[in-house]
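**Q** Sequence and predicted structure, then a few things I'm wondering about:
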Amino acid sequence: MILDKTFPPDPRVENEALALIDAGHQVFLFCLTYKNENHDECLNGIEVRRYHSNTLEYKLSALAYTLPLYKIMMSNKIEKFLQKDKIDIIHVHDMVIAEAAFKANSTLRLPLVLDLHENRPEIMKTYPHLNKFPGNILISANVWKNKEGALVRKADRTIVVTKEAKEELKTRLGLADEKIVVVPNTVKSTFYTEYRTEQTLLDRYKDAFVILYLGDTGLRRGLMSMIEALSIVSQSLAANDRIKLVIVGKNSSDIVLINKVKELGLEEMVDFEGWQDMKLFPSYLQSADIGVSPLHRNLHHDTTYANKLFQYMSFALPVLVSDALAQKNLIQEVNSGLVHKEKDIADIAEKILTLYKNPDLSKELGLNGKQFIEEKFCWEKVSDDLKDLYLEFKKP
């Protein structure tokens, strides 16, 4: 495995590596280090190989498809790694370092699997630094998109995280179905079966109807619409009704959300919890009545899942999601929640009140989601397709 970051932590990389080890493979992980760490280390059975990097290389990674320097620097490291550990198959995590991996493999010609964790060229369009000088001159999302297509065509197999991402690549590039494998991000069964409860959290929210949001709170995630919808909801409540929007996560743009809460006089209805230890997530989930993912629509959000969806469903929470395509399709297929039109605060408010006023419906939707996770979509189930992919390379 080739990773352009430090390790740990990286849940997807670790989950995939452990799944392949469980299937009988030996997994070596090329990763980077920026300090004095062990170069060679075995972590949970993963043979980690750390190669020194520096601030210059890190900055050049943003220019990976503008200048050849990053590719040259990284390919030299990767080539040494491939030869030292006598690697048989290469699994590249995401596209930043992919071209360097192809260059390092140019003489060895080993099978190479490209694992696209997200639609990188599309999400780049939302980066503030790419919409102003000098980023808008030096880095082109369209160049990255063209390069992504070239890398996918060149790879023996490509892994994506949703059916929608697979269809987008197949349609755009005219690829055969078997060239692309779907391996979603989701929760391990231990997430919802082995956890500690923080009683103080349960006590804090025991008398409230809690709308829970977990994760990054950047404005494209749609929380502004959720806050504005809460203002409409508040007008329909009786004096003794207590609804709380609990936001666990943060972003540099949070001041915009905080100011909107103050402007609307919703301080008593919104709790900004900031980043919390993931060990506390089960307690927040136990305290909640709805889980929300109000993403704005774009090609990135339309072709990926937020992991929070599976965290919500694993604790039998009904979910309220925007009509970003991948999450909309999933929730409607499973019948585990309600879908609102993106940015439509009246629609969001109506759906919140529907779940608030119909506890039997909420319970039914929540149980549908929980059953789906347990029987079909926990990591132990979805990783079978990853294991099957590597069996193909073993066939004579």
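**A** Cool, the structure landed. Only a predicted model underlies this, so the values are computations on that prediction, with no experimental measurement involved.

**Q** which residues touch whichever strand or helix holds residue 172?
**A** With the criterion set as DSSP states H and E, the secondary-structure element containing residue 172 is helix 163-173. By CB atoms under 8 Å, 6 or more residues apart in numbering, the residues outside helix 163-173 that reach it are 116, 119, 149, 152-153, 158, 160, 175, 177, 180, 182, 299, 302-304, 325-326, 329. To be clear about C-beta, it is placed using only N, CA and C from the backbone, and glycine gets the same treatment.

**Q** Can you show me the CA trace of that helix as PDB?
**A** The C-alpha coordinates for helix 163-173 follow below in PDB (Å, rounded to 0.1, in the frame of the first residue of the first chain):
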ATOM      1  CA  LYS A 163     -22.100   3.000  -6.800                       C
ATOM      2  CA  GLU A 164     -22.600   6.600  -8.000                       C
ATOM      3  CA  ALA A 165     -18.900   7.200  -8.200                       C
ATOM      4  CA  LYS A 166     -18.500   4.000 -10.200                       C
ATOM      5  CA  GLU A 167     -21.200   5.000 -12.600                       C
ATOM      6  CA  GLU A 168     -19.700   8.500 -13.000                       C
ATOM      7  CA  LEU A 169     -16.300   7.000 -13.900                       C
ATOM      8  CA  LYS A 170     -17.700   4.300 -16.200                       C
ATOM      9  CA  THR A 171     -19.800   6.900 -18.100                       C
ATOM     10  CA  ARG A 172     -17.100   9.500 -18.300                       C
ATOM     11  CA  LEU A 173     -14.300   7.100 -19.300                       C
END
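
**Q** packing partners for the next helix-or-strand element following it?
**A** The first helix or strand that comes after helix 163-173 along the chain, using DSSP H and E, is strand 180-182. Here strand 180-182 touches strand 157-160, helix 163-173, helix 384-394, going by 3 or more CB pairs under 8 Å, 6 or more residues apart in numbering; DSSP states H and E.

**Q** Among the contacts of helix 163-173, the buried ones, what's the PyMOL command?
**A** Buried subset of the contacts of helix 163-173, written as a PyMOL selection, criterion 16 or more other CB atoms under 10 Å:
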select buried, resi 116+119+152+158+160+175+180+182+299+302+303+304+325+326+329
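
**Q** For the stretch 251-396 of the chain, which segments count as strands?
**A** 270-272, 290-293, 319-322, 337-340 (DSSP state E, counting those that start in this stretch).

**Q** Columns mean neighbour count and mean pLDDT on top of those, output as TSV?
**A** Converted to TSV, the strands of the stretch 251-396 of the chain look like this (neighbours: other CB atoms under 10 Å; pLDDT from 0 to 100):
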stretch	mean neighbour count	mean pLDDT
strand 270-272	18	98
strand 290-293	27	98
strand 319-322	26	98
strand 337-340	24	98
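
**Q** of the ones you listed, which approaches residue 102 most closely?
**A** Of all the strands of the stretch 251-396 of the chain, it is strand 290-293 that lies closest to residue 102, at 34.9 Å by CB to CB.

**Q** Mind giving me the packing neighbours of the closest one?
**A** With contacts defined as 3+ CB pairs under 8 Å, 6+ apart, the secondary structure elements packing on strand 290-293 are strand 209-214, helix 308-314, strand 319-322.

**Q** ok, residues contacting the first one?
**A** Residues outside strand 209-214 that contact it (CB under 8 Å, 6+ apart): 223, 226, 230, 241-249, 281, 284-285, 287-293, 308, 311-312, 317, 320, 352, 356.

**Q** got it, and the last one?
**A** Around strand 319-322, the neighbours that count as contacts under CB under 8 Å, 6+ apart are 211, 222, 290-297, 309, 312-313, 327-328, 331, 336-343, 348, 351-352, 355, 365, 369.

**Q** Thanks a lot, catch you later.
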